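Trainee: Fold the following, please.
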Amino acid sequence: MIGCPLCGSGDTPPQTVKWGRLSATRNPDALCWDGARIRGSYPAHGRLLWPLIRLASSGERDVKMGTRDLAMMLRDEAEDNAVGVHVYRLRHVLQLAGLPVRIETVPRWGYRLVVEEGA
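Mentor: Residues are numbered from 1 along each chain as shown. I've put the predicted structure just below:
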C-alpha cells in the first residue's frame, strides 16, 4: 500500500492536477499555489477547482463548468446555493492571497476559471 505524502495516511495517494502554478489535489482535497496550500483555503475549494484545473491542463481554452456539475463535486452539499457560497469564499481567499486567479460567473451556466497571463 502506498502512503499519501501530504497527509501521511495509508489511503489512496493524492491525485493532483496542475495548471501553471495553480494545482488541486484529491485525497486529501487541497488547493495549492507553487506547491504550497493556499492560506485560508479549505477542502471544498480543492474539490470545486479540481475539475476546472483538469480541463485547463488538458488544453481546454474556455475553462468553465456548470453549477450543477460543480455541486456534485461538493458531495453531500450538492445544492446550487452551496456552490455560490463556496465560490464567494474562494474568491475572497484568492484575493487575500494576492493570486492572479479569478473565478468568473457565466450567467445561466456556471463558473469560469481564469489565470492571468504570465502567472
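
Trainee: how about the helices of the chain, start to end?
Mentor: Here the chain has its helices, by DSSP state H, at 43-57, 67-73, 80-96.

Trainee: avg pLDDT for the last one?
Mentor: When you say that, I think you mean helix 80-96. Predicted confidence along helix 80-96 averages 88 (mean pLDDT).

Trainee: which regions of the protein sit below the pLDDT cut-off?
Mentor: Across the chain, the ranges flagged by pLDDT under 70 are 1-14, 75-80, 118-119.

Trainee: so how far is residue 96 from the residue nearest the centre of the chain?
Mentor: By CA atoms, centre = their mean, the chain has its centre lying nearest to residue 49, at 1.9 Å. The span separating residue 49 from residue 96 equals 16 Å under the rule CB to CB, to the nearest Å. All C-beta atoms are positioned from the backbone trio N, CA, C, and that covers glycine.

Trainee: just residue 117 next, same as before
Mentor: Going from residue 117 to residue 96 by CB to CB gives 22 Å.

Trainee: more crowded one of those two?
Mentor: Taking neighbours as other CB atoms under 10 Å, residue 117 and residue 96 compare with residue 96 leading, 11 against 7.

Trainee: neighbours around the residue nearest to the more buried one when sequence neighbours are not counted, how many?
Mentor: The shortest distance from residue 96 to any non-neighbouring residue, by CB to CB, 6 or more residues apart in numbering, is to residue 40 (6.2 Å). Residue 40 has 14 neighbours, counted by other CB under 10 Å.

Trainee: cool, residue 107 as well?
Mentor: Residues near residue 107, counting by other CB under 10 Å, number 5.
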